[in-house]
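Chemist: got a predicted structure plus its sequence, pasted below:
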Amino acid sequence: RRYDAGKDGFIDLMELKLMMEKLGAPQTHLGLKNMIKEVDEDLDSKLSFREFLLIFRKAAAGELQEDSGLHALARLSEIDVSTEGVKGAKNFFEAKAQAINEMSRFEEEIRAEQEEKKKQAEELKQRKAAFKELQSTFTQ
């Protein structure tokens, strides 16, 4: 929300540029486009909250290239207890736990969407097969 200047619920290219600059990890225009492209599931060239959380899930799974902007962004979410203190770390980890819970919910939504797509694809396949069978009846 802090970097969503348009208040539309998405982070676009310019908002991502500003965010990365403020976080101390500026990226090139092409680098920013590649960052969005890597997690942009709906291909709208901007990041939804769910896609933004996907960055951290990929980082945790080791699926981000070391030199990518997304890896730099994920690293910026780490905390050094020696500089932040225990109270800062406590707040950080509480926020992380909340984000993980939200991420789990989003992952469940993603799985449900994928299952629905599989189901629709299977139904389409069955309809095509039934149509071809019916078509063959008329061509004989």
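Modeler: Perfect, thanks for sending it.
Chemist: mind saving the C-alpha coords of stretch 33-44 as CSV?
Modeler: As requested, the backbone C-alpha atoms of stretch 33-44 are provided in CSV (Å, rounded to 0.1, in the frame of the first residue of the first chain):
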residue,chain,number,x,y,z
LYS,A,33,10.1,-5.2,-16.5
ASN,A,34,11.8,-8.5,-16.0
MET,A,35,10.9,-8.4,-12.3
ILE,A,36,7.3,-7.9,-13.1
LYS,A,37,7.3,-10.5,-15.9
GLU,A,38,8.8,-13.2,-13.6
VAL,A,39,5.8,-13.2,-11.2
ASP,A,40,3.0,-11.6,-13.4
GLU,A,41,0.6,-14.5,-13.5
ASP,A,42,-2.3,-12.6,-15.2
LEU,A,43,0.0,-10.9,-17.7
ASP,A,44,-1.3,-7.4,-17.0
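Chemist: flag every buried residue along it.
Modeler: For stretch 33-44, burial by neighbour count (16 or more other CB atoms under 10 Å) applies to 33, 35-36, 38-40. Backbone N, C-alpha and C define where each C-beta goes, glycine included.
Chemist: same thing with stretch 2-19?
Modeler: For stretch 2-19, by 16+ other CB under 10 Å, it's 3-4, 10-12, 15-17, 19.
Chemist: check contacts around Leu32.
Modeler: The contact partners of Leu32, by CB atoms under 8 Å, 6 or more residues apart in numbering, come to 13, 16-17, 20, 69.
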